[in-house]
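Participant: Show me the folded form of this:
(one chain, ligands or ions: 1)
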Amino acid sequence: MTLTIRTGLFAAAAASACLSLPAQAAGEAKNVIFFLGDGMGPTTVTAARIYKYGETGKLNMESLKRTARIKTFSNDAQTTDSAPSMAAYMTGVKMNNEVLSMSSDTLAVAPSKDANGNKTINNCLPTNGKSVPTLLELAKARGKAVGSITTTELTHATPAATYSHICHRDTQYAIAAQAVPGGAGFNAALGDGVDVLMGGGRNQWTPYDATTNPLGRSDSRNLLTELQAKGYTVAATKTDLAAVTSGKMIGLFSSKSHLEYEIDRVAGKGEGPTQPSLADMTEKAISLLSKNANGYFLMVEGGRIDHALHGTNAKRALEDTIAFDDAIKRALSMVDLSNTMIVVTADHDHTMTINGYSHRGNPILGTVTDIKTKQPANAADGMPYTTLVFGNGGGPRKVTRDNPALVDTTATDYLQEVGVSLGGPGSETHGGGDVMLFSTGPGNAALKGTLDNTKVFGVVKSALGL
Ligand SMILES: [Zn+2]
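Facilitator: Here you go, the predicted model:
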């Protein structure tokens, strides 16, 4: 079978009908939106589906017809951290844990603390590995508009993998400097700069002050002022964001950390009242980037799914997964799928699992039930146990578990049981299992079967004709 002219959706249909076809023709997609649910492994996807839409329901990401299974191991680890996994998607290169968008031989060297106790001292030597190009940089070089938005600090591993190159993810102050056109430490591969940047962690972009900015930069630079001088609009609140209608922008919606978890943002905790939803951030990014006639590349991260899972706090993880899925829904309502490729995936799994044989309709955050009686099914110790548990983790439950019959396991702050105690809160590890990838739009025909995470880079690059 030969096909000499294949374009757009027809190509995807033809390719799926014939396994012997080569990958799709290059340059079919004008735009790409790459959605990354940090730590959103298969169990989290299933649990979020049941939590929000029931067993027979469907997440918005699950409406994307083409799926693949992704291998996530890094250059040196069976179980990856977020840095090399996202960087593998963005560069096609396997690198060591903690390394961001650098060659495979790059050694991870952590930053040191300055006199203020902040890790502002970059220990990545120029001789330690080489930068490798990212999809965002390649798209920029082709005249496309580019954006990177997240619910974590903007300098956190996932967004940083799109626009920076560094030997250790914790070197966040240097990562910030890489985004400032013309400034010291600028990543020149970004041309005139990333068009749309959003996230948290304003402290990494502004000077240290013992009272007002104790986690600030030690080099006295105000990167936001420098960005303004380069034509960027700076937004600090959702009101500021709503007012942006054109041009380049940076939105930092948290003064010293990540954005609030979605459930806390909605409840008005902390800086939540001034923070936009990820869906609203996505809508603004698309509206700004789509003004470029050459198209755009946008990365959208639901970054705190991972944090809640590290804390064995399933409810916050599921709520953040739904917020991420709602951002996908918003994007799907705005774009033309005849010229826009949508990819949704995760960087790695976690150790959460769904256990027991509960009856249909039992709350996913509840305790396991007996199918026939719909009453709690007890463990060997005579106590009920929750449907969602973690293979390992910390938190208050170490050897003797709380009795789930006596506590509300659906409460926001409830921490699920763990198999292996690793000590303190947040110590739950990533899982080393494969993750899922959902996609639609032109150029996605090869995103099927079982793929290494580095292969996704090539498919997206080819689809955009980069
Ligand atoms: Zn991650």
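Participant: CA atoms for contacts and neighbours, from now on please.
Facilitator: Noted.
Participant: quick one: the helices in the stretch 151-300 of the chain?
Facilitator: 157-163, 172-178, 223-229, 238-243, 262-267, 278-289 (DSSP state H, counting those that start in this stretch).
Participant: nearest residue to the residue of the stretch 351-466 of the chain found nearest the ion other than its sequence neighbours?
Facilitator: Of all residues in the stretch 351-466 of the chain, the one sitting closest to the ion is residue 430 (7.8 Å; C-alpha to the ion). In space, not counting the residues next to it along the chain, residue 430 is nearest to residue 350; the distance is 4.3 Å by C-alpha to C-alpha, 6 or more residues apart in numbering.
Participant: measure the one you found to residue 111 for me?
Facilitator: Between residue 350 and residue 111 the distance is 26 Å, computed by C-alpha to C-alpha, to the nearest Å.
Participant: again, but for residue 438
Facilitator: Remark: distance between residue 438 and residue 111 (C-alpha to C-alpha) = 36 Å.
Participant: And residue 143, by the same measure?
Facilitator: For residue 143, the distance to residue 111 - C-alpha to C-alpha - is 34 Å.
Participant: do residue 145 as well
Facilitator: From residue 145 over to residue 111 the distance is 32 Å, taken as C-alpha to C-alpha.
Participant: So which residues on this structure come close to the ion?
Facilitator: Within reach of the ion by C-alpha under 5 Å from the ion, the chain has these residues: 38-39, 82.
Participant: In a markdown table, list these along with pLDDT and distance to residue 313.
Facilitator: What follows is the residues of the chain next to the ion, written out as a markdown table (pLDDT from 0 to 100; distance: C-alpha to C-alpha, whole Å):
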| residue | pLDDT | distance to residue 313 |
| --- | --- | --- |
| 38 | 98 | 15 |
| 39 | 98 | 13 |
| 82 | 97 | 19 |
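Participant: so who does the residue of the stretch 351-466 of the chain closest to the ion touch?
Facilitator: Contact criterion C-alpha atoms under 8 Å, 6 or more residues apart in numbering gives 39, 79-81, 310, 348-351 as the residues in contact with residue 430.
Participant: Looking at residue 350 and residue 111, which is more packed in?
Facilitator: When neighbours are counted by other C-alpha atoms under 10 Å, residue 350 comes out ahead of the other of residue 350 and residue 111, with 27 against 21.
Participant: now that one: how far from residue 48?
Facilitator: With the distance defined as C-alpha to C-alpha, residue 350 ends up 14 Å from residue 48.
Participant: Could you do residue 300 as well?
Facilitator: Between residue 300 and residue 48 the computed distance is 19 Å (C-alpha to C-alpha).
Participant: and if you look at residue 384?
Facilitator: If you measure residue 384 against residue 48 using C-alpha to C-alpha, the figure is 22 Å.
Participant: Show me what residue of the stretch 301-450 of the chain gets nearest to the ion.
Facilitator: Minimum separation of the stretch 301-450 of the chain from the ion (C-alpha to the ion) falls at residue 347, amounting to 5.4 Å.
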